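Chemist: Fold the following.
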Amino acid sequence: MSAVPPPRNDTGAPGASGPSAAPAGRGGRRSVAAALLLGALGATVVLLGSGRVWARGAAAVGGGSLPVSADGQAVTGLPAALAIVGLAALVAVFAVRGTGRLLVSALLALSGLGAALAAVLAADDRQALDAQAAKATADTAAQVGMLAHTVWPYVTAAGGVLILAAGLLALRHGRAWPAMGGRYERDGGARGRRPAAVDPDRPEDLWKALDRGEDPTR
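Modeler: Below is the predicted model of the structure:
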């Protein structure tokens with residue numbers, strides 16, 4: 001008489017589908033969703049903020065003044081460029097595995113950090129306004145008076161912080177995330193694919209089964 005082995009589904013052993021596997025799966029899905037949301041939202045905020053007016057002023061013209069302004073792209077194009085790099089890295093995270101995923105995740109985090117720092121450092125910049133004043137007055141020595149800065153550089157920096165958070169999530173949880181095309185990596189084909197039915201009375205079915213590498217006698 002042979003003993004009946006106890007069920008192992010609740011032990012959390014490798015390959016078991018017990019309750020311990022469910023929280024890990026839910027946690028992985030939550031981290032993926034959070035990273036995608038933070039990365040996409042952060043890039044959108046950076047690109048939107050870079051297109052807004054960052055600084056305003058007035059250039060002296062004769063006895064009056066001419067209002068001038070500069071948007072984020074005129075002040076520094078670095079945050080917008082890094083946001084695009086971050087978006088590309090966010091997509092590439094799911095196309096690679098192992099060390100490649102780690103490197104792409106680091107690139108995503110660095111893109112967000114760079115965008116945030118570039119926006120903050122350029123928040124008080126006046127060179128772009130001076131260039132606008134020189135162009136408007138046709139005087140290369142013209143400078144802007146009544147200089148005022150808006151909140152958009154800091155909004156742009158906040159978008160960079162969101163991208164940075166997405167990169168940190170990828171660095172922390174990315175090893176457990178799925179990869180593109182992962183369902184085709186088992187046995188060289190799609191999972192769950194069943195062999196076609198073979199009619200033993202039809203020789204053509206037998207030859208087709210042999211061509212597919214199947215055993216027609218099974």
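
Chemist: packing partners for whichever helix or strand Gly100 is part of?
Modeler: Element membership of Gly100, judged by DSSP states H and E, is helix 99-121. With contacts taken as 3 or more Cβ pairs under 8 Å, 6 or more residues apart in numbering; DSSP states H and E, helix 99-121 sits against helix 21-50, helix 78-92, helix 152-173. Glycine gets a C-beta too; all of them are placed from N, C-alpha and C.

Chemist: of all the ones you listed, which lies closest to Arg56?
Modeler: For Arg56, the closest of the helices and strands packed on helix 99-121 is helix 152-173, at 11.2 Å, according to Cβ to Cβ.

Chemist: just the angle between the closest one and helix 99-121, please?
Modeler: Interaxial angle of helix 152-173 relative to helix 99-121 (axes from the mean of the first three to the mean of the last three Cα atoms, to 10 degrees): 160 degrees.

Chemist: Tell me what angle helix 152-173 forms with helix 21-50.
Modeler: In terms of direction (the same axes, to 10 degrees), helix 152-173 departs from helix 21-50 by 160 degrees.

Chemist: and helix 152-173, what other elements does it pack with?
Modeler: With contacts taken as 3+ Cβ pairs under 8 Å, 6+ apart, helix 152-173 sits against helix 21-50, strand 53-61, helix 72-75, helix 78-92, helix 99-121.

Chemist: Return the most buried member of these.
Modeler: helix 72-75 (a mean of 23; mean count of other Cβ atoms under 10 Å).

Chemist: what's in contact with that one?
Modeler: With contact meaning Cβ atoms under 8 Å, 6 or more residues apart in numbering, helix 72-75 is reached by 49-52, 54-55, 79-80, 119, 122, 125, 127-128, 131-132, 152-153, 156.
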